[in-house]
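1. here are the coordinates; sequence isn't available:
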């Protein structure tokens with residue numbers, strides 16, 4: 001039983017530390033930022049607002065799952081890295097019901113993208 005848990009942790013750790021996973025999360029951060037921007041715009045279409053809301057909630061759910069996977073894979077050592085603590089705070093605050101009313105608070109999710117710049121050398125050159 002213990003071997004299975006350790007094997008699962010290793011598999012999840014390998015997944016969440018992979019560059020493909022980072023690229024997926026970075027893409028979702030950008031998509032969610034665009035959705036947040038459009039939600040704050042003057043476009044007033046009820047159908048469009050609902051689509052944006054659902055897209056935002058889906059991204060948020062994926063961010064929560066990402067965080068849980070990383071905490072499971074790394075244990076308490078997850079909290080030893082500053083970027084991980086930052087991610088945790090942003091995802092946690094963004095998950096709270098009142099965060100919907102404070103759009104400025106939710107835009108801090110964009111700063112999560114900064115940690116990925118060093119992982120992708122081509123992106124670093126562009127920035």
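-> Received the coordinates, thanks. Computed from a predicted structure; not experimentally measured.
2. looking at residue 125 now. What's its pLDDT?
-> Model confidence at residue 125, given as pLDDT, is 62.
3. before we move on, what about residue 85?
-> We have a pLDDT of 90 for residue 85.
4. show me what counts as buried in the helix or strand harbouring it.
-> Per DSSP states H and E: residue 85 is located in helix 82-95. Using 16 or more other CB atoms under 10 Å as the test for burial, helix 82-95 gives 84, 87, 90-91, 94. No exception for glycine: its C-beta is placed from N, CA and C like everyone else's.
5. what's it packed up against?
-> Helices and strands touching helix 82-95, as assessed by 3 or more CB pairs under 8 Å, 6 or more residues apart in numbering; DSSP states H and E, comprise helix 46-74, helix 103-106, helix 114-117.
6. 7 Å - rerun?
-> Contact here means 3 or more CB pairs under 7 Å, 6 or more residues apart in numbering; DSSP states H and E; on that basis helix 82-95 packs against helix 46-74.
7. what packs against the helix it packs on?
-> So helix 46-74, by 3+ CB pairs under 7 Å, 6+ apart, packs with helix 2-16, helix 19-39, helix 82-95.
8. how about the buried residues of helix 82-95 in CSV, adding distance to residue 14?
-> What follows is the buried residues of helix 82-95, written out as CSV (distance: CB to CB, whole Å):
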residue, distance to residue 14
84, 17
87, 19
90, 24
91, 22
94, 27
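9. now the phi/psi pair for residue 18, please.
-> Per-residue torsions, residue 18: phi -80, psi 150 (degrees, to the nearest 10).
10. give me the phi and psi for residue 42.
-> Phi and psi for residue 42, reported as degrees, to the nearest 10, are phi -80, psi 0.
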